[in-house]
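Here you go, sequence then predicted model.
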Amino acid sequence: MLNSGRAAHKFMALLQQSLLDAVIRQMPAGVMIADAPTGRLIAVNASVHTIWRRDPPVSSEIHEYAAYEGFRPDGTAYLASEWPLARAILRGEVVHREEIRIRRGDGTFGVIRVDASPVQDDRGVIVAAVTTFIDVTDDRRERDSLAVLAAASTIIGESLESNETLRRLAGLAVPSFADFAFVYLLGEDNFLHRSSWSAARPEHEQALATLRERFPAPTEAMQAIIASGRAELKPRLTTDDWALLPDPEQRKLLTDLGIASAINVPLYTSVRTYGVMSFARVDAGPPYDEDDLVLAEELGRRAAAALERSAFFETERAHRVRAEISERRIANLQSLTAALASAMAVADVADRVTQLLERVIGARGIVLALRDDHEPLLRVIRTVGLDENVVEQFREMRLDSGLPLPEAVVTGTPIWKRNREEMTMHAPVLSAIDTPSRSWAAIPLNVDGHAIGAIGFSFSEERRFDNDEQNFLIGIAGQCAIAIARARLFDSERHTREEAERASRAKDEFLAILSHELRTPMTTVIGWADFLKMTHSHDPELAAPIDALRNSARLQAKLVDDLLDVSRIIANKLTIRSVRTELNAIVHNAVEDVLMTAREKGVAVLEELGVDDVPIVGDPDRLRQIVTNLLVNAIKFTPAAGRVTVSVRDGKDMAELKVRDTGEGISPEFLPHVFDRFRQASVGDSRRHAGLGLGLSIGQHLVELHGGTVTASSPGLGKGATFTICLPKRS
């Protein structure tokens, strides 16, 4: 029985060992069992060979695990004692789902997911260890690719700035997909220029900086990719590939970095090609394959889409900026126009132009010069921001000097100098002037096709002077030219007006002096005429001459009084006194004053006065003078058998007085001037009525001093005239 039991136990042990071997052999996962504490492999299944693509040495011990090349995510290699199987043997560690990038026997790279665990006896002593692993290369690559693309989408969505987007995309590819990433963009010169780069290791950044500073982008190597529009996969870079770089120092710099594999992807959309994106790996990494090419192309498409979106954004922003600049320029031109509208002198125009433009266009210096009317010179009249010594040196410039401002005047066209080289080439004399200005514009001030001067601007930076800016500065010059031309006309008109005013004042002063000088002798003449009438009225031979002398003297005295009133009006010295008086009585007395004259001419004077008094506040003497002047004027222009009617109407607040006649009337052309001083409807040899034309003017002024109004109306020549006075009853 005993032998039978032992046989059964041995049979069962053999059966279990056989089953275990069968299970291990058929497992799809790699299985490795090692003895403890040596680490010698005692069991390895066929899946290990399939995954590693090499035969593992069965007799390996722990220190020999270094023959297996494994790498962490950061690229550092596993030491022999760091493999999960070694850790299980040496420290009893249980390892679960640890991912390791491995270099397989055929030189390719893969990723395995590893589990490891120690085997202990009844006493807890580690007697062995087992590790299992599966190949997750495809899963890991797909997961990493999706993660990279998701991150790329996030980056693209977060920014509209192309440079920032490309910098972050290049950084995204490192180190998960590449050890180096480069972005080359086509410039306006149609050459490739480095835009962004990224390196996995900090020590490589300095080498790349040197590469950027000292060597141009590999345009020739990339040109075929741009021309074909197809990506290029280089699993292993060869001597022929490096030969495309003409500079041996550049080749050495790149090969010293260990770059061994590369992918170049064109950045293009349906609209245009933007450049090339390159990815590179060093010798220690797996070479790029077709799967990597798919990911690189997708990154390139997304980068190109980001560039296109950024280009659209930049274009839209540029349009918006130009619109804002245009709006500001229009507002500035309006401000300039408004400022110049009130400038009536050339000096005022110059001041306002230079003050406003210094703020509006940001010029460092402004010079305004006008053409001399008599000599072929251009004279500077105002400057801002320029050195006084320089200004004095060019205060006067001959038109044939070749300097920009005179040349702009001579040719009538603007001159633009974008940098100092252009300026000194145009005018070598300016090369000796030490100035911080870096660009210049000289624009003629054209009026009706003739340049009356020029305005110059200097700027602290080099300037392109695009069409918009040129049109803006030309518009400013046009506004200045119009304002200066207008100011010159105003100056001329003002000078003429001042001369006329001086002549008018001289005339007024002469009239005042004349009237004062004539009054004394005329008073004497009237006095002696009155004396002769009283003493010789009984002598029939002297009566008529004495009356003629007396009437002529009184007429001349009336003219002198009118001249005195006019001189007082001009000097603003004619005053009135305000007392309570009665208008009907004043009118009646004025009629009495003119009855003799009216009878001599055969004109009837009629009064239409109410029975009630018309009280008014005013100067009785001056009111009588007003009515008398109107009656005298009406009698003068009314033929024999005509009539003059004077009426008074009492209103609540106003009293109305009218003088109507059946005389010659007033033409529509002369009616607006009927109250002007020294104005009569007929002048020169055609005059039929005596007088200076002062009575109505004096009357109007006296009415206005009383706070009233006087108006004239007439149906036309030969139909009489009506003068209406409205006077306030209280003042």
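Received, thanks.

got the buried residues for stretch 42-49?
Of all the residues in stretch 42-49, those buried under the rule 16 or more other Cβ atoms under 10 Å are 43, 44, 45, 47, 48. For the C-beta atoms, the positions are set from N, CA and C on the backbone; glycine is no exception.

same question, stretch 620-638
Applying 16+ other Cβ under 10 Å to stretch 620-638 flags 620, 622-638 as buried.

burial count for residue 321?
Neighbour count of residue 321, defined by other Cβ atoms under 10 Å: 11.

right, I mislabeled it, should have said residue 449
The number of residues packed near residue 449 is 6, by other Cβ under 10 Å.

distance of the closest residue to it other than its chain neighbours from residue 451?
Nearest residue to residue 449, sequence neighbours excluded (Cβ to Cβ, 6 or more residues apart in numbering): residue 412, at 7.4 Å. In this view, residue 412 and residue 451 are 5 Å apart by Cβ to Cβ, to the nearest Å.

And residue 662, by the same measure?
65 Å.

Repeat that for residue 397.
For residue 397 relative to residue 451 (Cβ to Cβ), the value is 13 Å.

circling back: residue 412 and residue 451: which has the busier surroundings?
Neighbour count, other Cβ under 10 Å: between residue 412 and residue 451, residue 451 has more, with 23 against 13.

Show me what the more buried one is bridged to.
Taking DSSP bridges as the rule, residue 451 bridges to residue 446.

surely it meets residue 407?
No. In this structure, residue 451 is not within contact of residue 407 by Cβ atoms under 8 Å, at 10.5 Å.

which residues do those two both contact?
Taking Cβ atoms under 8 Å, 6 or more residues apart in numbering as the contact criterion, residue 451 and residue 407 have no common neighbours.

In the protein, what helix or strand scores lowest on average pLDDT?
helix 2-26 (a mean of 56; mean pLDDT, DSSP states H and E).

Just the residues contacting the next helix-or-strand element following that one, thanks.
As assigned by DSSP states H and E, the chain's next helix or strand after helix 2-26 is strand 30-35. With Cβ under 8 Å, 6+ apart as the test, strand 30-35 has contacts from 24, 40-45, 47-48, 50-52, 56, 85, 89, 112, 127-134.

chain center to strand 30-35, what's the gap?
With Cα atoms, centre = their mean, to the nearest Å as the basis, strand 30-35 stands 78 Å off its chain's centre.

For it, C-alpha coordinates in CSV please.
Coordinates of each C-alpha in strand 30-35 appear next as CSV, following Å, rounded to 0.1, in the frame of the first residue of the first chain:
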residue,chain,number,x,y,z
GLY,A,30,5.4,35.9,-22.7
VAL,A,31,6.3,33.9,-19.5
MET,A,32,9.6,33.7,-17.8
ILE,A,33,10.4,31.9,-14.6
ALA,A,34,13.7,32.5,-12.8
ASP,A,35,15.4,30.7,-9.8
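
strand partners of it, parallel vs antiparallel please.
The pairing partners recorded for strand 30-35 under DSSP bridges are strand 41-44 (antiparallel), strand 126-135 (antiparallel).

ok, which pair from the buried residues of stretch 42-49 is furthest apart?
Greatest spacing in those, by Cβ to Cβ: 43 and 47 (12.2 Å).

Outside of the helix or strand hosting residue 369 itself, which residues are in contact with it?
Here residue 369, judged by DSSP H and E, is contained in strand 365-371. Here strand 365-371 makes contact (Cβ under 8 Å, 6+ apart) with 346, 350, 353-354, 357-358, 377-386, 391, 397, 399, 405, 409, 437, 445, 451-458, 480, 484.

Could you list every helix and strand that whichever helix or strand comes after it packs against?
As assigned by DSSP H and E, the chain's next helix or strand after strand 365-371 is strand 377-384. When contacts are defined as 3 or more Cβ pairs under 8 Å, 6 or more residues apart in numbering; DSSP states H and E, strand 377-384 packs onto helix 346-360, strand 365-371, strand 396-398, helix 404-411.

Arrange the ones you listed in JSON lines, one row each, with distance to residue 258 as further columns.
Below are those laid out as JSON lines (distance: least, Cβ to Cβ, whole Å):
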{"stretch": "helix 346-360", "distance to residue 258": "59"}
{"stretch": "strand 365-371", "distance to residue 258": "57"}
{"stretch": "strand 396-398", "distance to residue 258": "67"}
{"stretch": "helix 404-411", "distance to residue 258": "59"}
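
and the contacts of strand 30-35, which are buried?
Among the contacts of strand 30-35, those buried by neighbour count (16+ other Cβ under 10 Å) are 24, 40-41, 43-45, 47-48, 51-52, 56, 85, 89, 112, 128-134.

Residue ranges in the stretch 251-400 of the chain under the pLDDT threshold?
284-285, 325-326, 328-329, 332-334, 336-344, 356-360 (pLDDT under 70).

C-alpha coordinates for the longest strand seen in the chain, CSV please?
Across the chain, the longest stretch assigned as strand under DSSP state E is strand 109-120. Provided in CSV are the C-alpha atoms of strand 109-120 (Å, rounded to 0.1, in the frame of the first residue of the first chain):
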residue,chain,number,x,y,z
PHE,A,109,11.1,49.1,-31.0
GLY,A,110,8.0,47.9,-29.2
VAL,A,111,6.2,48.4,-25.9
ILE,A,112,5.4,45.6,-23.5
ARG,A,113,3.1,45.6,-20.4
VAL,A,114,4.8,43.6,-17.6
ASP,A,115,3.6,41.8,-14.4
ALA,A,116,6.0,40.1,-12.0
SER,A,117,5.7,38.3,-8.7
PRO,A,118,8.0,36.4,-6.3
VAL,A,119,7.3,32.6,-5.5
GLN,A,120,7.8,31.7,-1.8
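
Name the residues of it that come out as buried.
Here strand 109-120 shows 109, 110, 111, 112, 113, 114, 115, 116, 117, 118, 119 as buried, counting by 16+ other Cβ under 10 Å.

The stretch 451-600 of the chain: helices as residue ranges?
In the stretch 451-600 of the chain, the helices defined using DSSP state H, counting those that start in this stretch lie at 467-536, 540-570, 583-601.

which one of the ones you listed has the lowest average pLDDT?
The minimum mean pLDDT among these belongs to helix 540-570 (a mean of 62).

Contacts only, for the closest residue to residue 410 other than its chain neighbours.
Leaving out its chain neighbours, the residue that sits closest to residue 410 by Cβ to Cβ, 6+ apart is residue 399, at 5.4 Å. With contact taken as Cβ under 8 Å, 6+ apart, residue 399 is in contact with 371, 376, 377, 378, 406, 409, 410.

swap in residue 628?
For residue 628, the contacting residues are 590, 593, 594, by Cβ under 8 Å, 6+ apart.

excluding its backbone neighbours, what's nearest the last one?
The one in question is residue 594. With Cβ to Cβ, 6+ apart as the criterion, residue 594 has its nearest non-adjacent residue at 4.7 Å, and that residue is residue 631.
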